[in-house]
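Student: got a predicted structure here, sequence first:
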Amino acid sequence: MIDYKGAIFDMDGTLLDSMVVWDNVAADYLQSLGITPRNDVREAVSSMSIQQVCEHFCAVYGIKLREDDIIAGINAMVEDFYYNRVTLKAGVMQALSRLRKEGVKMCVATATDRYLAEAALRRTGIAHFFDGIFTCTDVGAGKDEPAIFLQALASLGTPLCDTVVFEDALYAIKTAKASGFRVTALFDPSADAQTDRIKELADCYYLSFSDWNEDNA
């Protein structure tokens with residue numbers, strides 16, 4: 001039963017089957033500069049915004065490039081995927097159609113840069129469901145801070161108690177819950193190791209939107 005008025009969706013790993021493209025991009029980018037990445041580079045940057053990744057690369061690996069150049073280099077490595085290959089996760093189209101029919105206002109809050117997010121949402125045919133897209137770059141903070149969720153909430157104009165955050169990442173779920181949001185968590189293989197903690201924190205947990213649809217949540 002849908003008993004809320006607003007929904008804030010994470011994009012990568014929640015709406016889109018896209019986390020695979022980020023698995024190795026940090027290491028690939030460093031290697032493209034002739035730098036050997038540390039063994040833990042993927043884990044080190046997994047919960048960072050792209051600006052935080054830039055700061056990390058400069059501090060840990062001594063990269064002297066400007067932040068804009070680092071971001072452009074990283075984004076260039078994933079552009080083709082977002083423009084031409086990314087797909088929806090199971091059950092997403094049906095879930096969004098149902099929420100639209102129920103009058104729920106929806107937006108996206110993502111750590112991915114806007115032009116990539118817009119391209120991916122257009123490619124997968126779901127852009128029209130959302131009243132807005134909020135990115136960590138635009139907000140100036142990662143999802144380890146509440147700013148992106150609170151700006152999305154203000155845009156929707158729905159009460160906090162009537163707004164649900166759909167997320168797959170533990171660190172973002174922690175932030176949303178600490179800010180007072182209801183959270184529906186979705187499984188993604190990239191967060192498999194944190195599943196138990198995610199289940200503890202989230203108000204609901206589903207393996208996919210197909211399960212969410214079947215549960216009539």
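Tutor: Perfect, I can see it now. Only a predicted model underlies this, so the values are computations on that prediction, with no experimental measurement involved.

Student: tally of neighbours for the residue nearest to residue 21 when sequence neighbours are not counted?
Tutor: Here the nearest residue to residue 21 in space, its sequence neighbours aside, is residue 81; by Cβ to Cβ, 6 or more residues apart in numbering that works out to 4.5 Å. Glycine gets a C-beta too; all of them are placed from N, C-alpha and C. A count of nearby residues for residue 81, using other Cβ atoms under 10 Å, gives 18.

Student: quick one: the strands in the chain?
Tutor: Assigned by DSSP state E, the chain shows strands spanning 6-9, 105-110, 133-135, 163-167, 182-186, 204-206.

Student: check contacts around the residue lying closest to residue 176 once chain neighbours are set aside.
Tutor: Nearest residue to residue 176, sequence neighbours excluded (Cβ to Cβ, 6+ apart): residue 165, at 4.2 Å. Contact analysis of residue 165 by Cβ atoms under 8 Å, 6 or more residues apart in numbering lists 7-8, 10, 109, 149, 172-173, 176, 181-184.

Student: and the residue nearest to residue 21, how far is that from residue 23?
Tutor: 12 Å (Cβ to Cβ, to the nearest Å).

Student: do residue 189 as well
Tutor: With the distance defined as Cβ to Cβ, residue 189 ends up 10 Å from residue 23.

Student: circling back: residue 122 is nearest to which of the strands of the chain?
Tutor: Nearest to residue 122, of all those, is strand 133-135, at 11.2 Å by Cβ to Cβ.
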